[in-house]
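Student: with the input below, show me the fold.
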Amino acid sequence: MEKKRVVVGMSGGVDSSVAAWLLKEQGYEVIGVTMQVWQEEDRAAQEEQGGCCGLSAVEDARRVAAMLGIPYYVMNFKSAFKKNVIDYFVGEYIKGRTPNPCIACNRYVKWESLLRRSMEIGADYIATGHYARVVRLPNGRYALQKSASAAKDQTYALYSLSQSQLSHTLMPVGDYTKEEIRSMAAKLGLRTAGKPDSQEICFIPDRDYAKFIDQETGRKQEPGNFVDKDGAVLGRHLGITHYTIGQRKGLGLAMGKPVFVTEIRPESNEVVIGSNEDVFGDALSAGQLNFMSIPDLQGEREVVAKIRYNHQGAPCMIRKIGDDKVECRFPEPVRAITPGQAVVFYEGSTVLGGGTIL
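Tutor: Numbering: from 1, shown residues only. All right, here's what the predicted structure looks like:
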């Protein structure tokens, strides 16, 4: 039988390096690819600050591929990344929302663009080093299940993958813990064995989102008023792109007690400030839905919802309130429901689906 061909997205990190080795061991014909997404090469050099797709990533991935004896290529996805990740990120912040660029990158670049290119060169699958598992359910649908490593599970950032994408996806790392992956890499002598995990957003290594948005738009965001929920002015803010729901630090307000961002109003350029209790809510609505383990949502359903990447998840009831809109009601209020972030629904360890918080 002819060996199946798989393109492994190699970020230069330990997880994708071991993913390539595992698939080769399983008998696949493995091709390594690094996705070039940086808009400026000099920015890419800031690898050590946490980026995953810069110049040193290419060098690390190339050397690992050579050691494994697999072909290796760099593919240019700059335009797809600019349109679907950077422009989206900037646009959402200007609208007073808090985007999740990693989810957009996974959906539109790492899968849509890479999968299309891989199919063109005769691949049967693409593979990544994500901590998640692809399963085929008894109802015939493909879904994601949480990885063996609960602390590293990445299913939240992958909820938007389509049935077609999942059917052509392998995630061999999902069956292992991070410690096991590093141990494998060390035994193999891979240069990426001790490489630290990438942190934060790869295209903003200094983490100054507001400065990046000013550079991208070519204009500085307008300062405005901090107000309380009744509209009383409390002070001046630096521009709405500096803030997110639940934020406490960096407000520059001397209120004599801890205060938090509870709402961002782009139409009036106001940032609403309140107490910790004001940050909690018991309901949200979400759109841009993608259901994974089921074709669509019928009636009410009890699930566990995660409202941000590092949220533990909370029980809630969900129901459709429109063609592309779902309402979630939590019996216990949850902290910092943030428009623009994803809400992902789980049944046990399986991803039911998710959407973008409105």
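Student: wait, what's in contact with the residue lying closest to residue 107 once chain neighbours are set aside?
Tutor: Leaving aside its sequence neighbours, residue 107 sits nearest to residue 160 (C-beta to C-beta, 6 or more residues apart in numbering; 4.5 Å). Backbone N, C-alpha and C define where each C-beta goes, glycine included. Counting by C-beta atoms under 8 Å, 6 or more residues apart in numbering, residue 160 touches 103, 106-107, 288, 290, 342, 354.
Student: per-residue confidence at residue 160?
Tutor: As predicted, residue 160 sits at a pLDDT of 96.
Student: need phi/psi at it.
Tutor: Torsion angles at residue 160 (phi, psi; degrees, to the nearest 10) stand at phi -90, psi 0.
Student: the stretch 1-150 of the chain: helices as residue ranges?
Tutor: With DSSP state H, counting those that start in this stretch as the criterion, the stretch 1-150 of the chain has helices at 14-25, 41-44, 55-68, 78-81, 87-94, 101-105, 114-120.
Student: ok, which of those helices comes nearest residue 330?
Tutor: helix 101-105 (21.6 Å; C-beta to C-beta).
Student: mind giving me the packing neighbours of the closest one?
Tutor: helix 87-94 (3 or more C-beta pairs under 8 Å, 6 or more residues apart in numbering; DSSP states H and E).
Student: got the CA coordinates for the helix it packs on in CSV?
Tutor: Output in CSV follows, covering the C-alpha atoms of helix 87-94 (Å, rounded to 0.1, in the frame of the first residue of the first chain):
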residue,chain,number,x,y,z
ASP,A,87,-6.1,43.4,9.6
TYR,A,88,-8.7,41.5,11.7
PHE,A,89,-6.8,42.1,14.9
VAL,A,90,-6.4,45.9,14.3
GLY,A,91,-10.1,46.2,13.1
GLU,A,92,-11.5,44.5,16.2
TYR,A,93,-9.5,46.6,18.7
ILE,A,94,-10.7,49.8,17.0
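Student: need the residues that contact it.
Tutor: 98-99, 101, 104, 201, 209, 212-213, 216-217, 221, 240-241, 266, 340.
Student: what residues sit buried inside stretch 21-31?
Tutor: Buried residues in stretch 21-31, counted by 16 or more other C-beta atoms under 10 Å: 21-24, 28-31.
Student: dump the residues you listed to TSV, plus pLDDT and distance to residue 190.
Tutor: Output for the buried residues of stretch 21-31, formatted as TSV (pLDDT from 0 to 100; distance: C-beta to C-beta, whole Å):
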residue	pLDDT	distance to residue 190
21	97	8
22	97	12
23	97	14
24	97	13
28	97	18
29	96	20
30	97	14
31	97	18
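Student: next, count neighbours for residue 248.
Tutor: Here the count is done by other C-beta atoms under 10 Å, and residue 248 has 11 residues near it.
Student: residues touching it, list them.
Tutor: Each residue near residue 248 by C-beta under 8 Å, 6+ apart is listed here: 258-261.
Student: among those, name the buried ones.
Tutor: By 16+ other C-beta under 10 Å, these give 259-261 as buried.
Student: can you redo the residues you listed as JSON lines with distance to residue 62?
Tutor: Formatted as JSON lines, those follow (distance: C-beta to C-beta, whole Å):
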{"residue": "259", "distance to residue 62": "50"}
{"residue": "260", "distance to residue 62": "46"}
{"residue": "261", "distance to residue 62": "44"}
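Student: ok so, going back, looking at the helices of the stretch 1-150 of the chain, which is nearest to residue 171?
Tutor: For residue 171, the closest of those is helix 14-25, at 7.7 Å, according to C-beta to C-beta.
Student: output the contacting helices and strands for that closest one.
Tutor: Judged by 3+ C-beta pairs under 8 Å, 6+ apart, the packing partners of helix 14-25 are strand 5-9, strand 29-36, helix 55-68, strand 125-127, helix 178-188.
Student: got a list of contacts for that helix?
Tutor: For helix 14-25, with C-beta under 8 Å, 6+ apart as the criterion, the contacting residues are 6, 8-10, 30, 32, 60-61, 64-65, 68, 70, 127-131, 170-173, 181-182, 184-185, 188, 190, 192-195.
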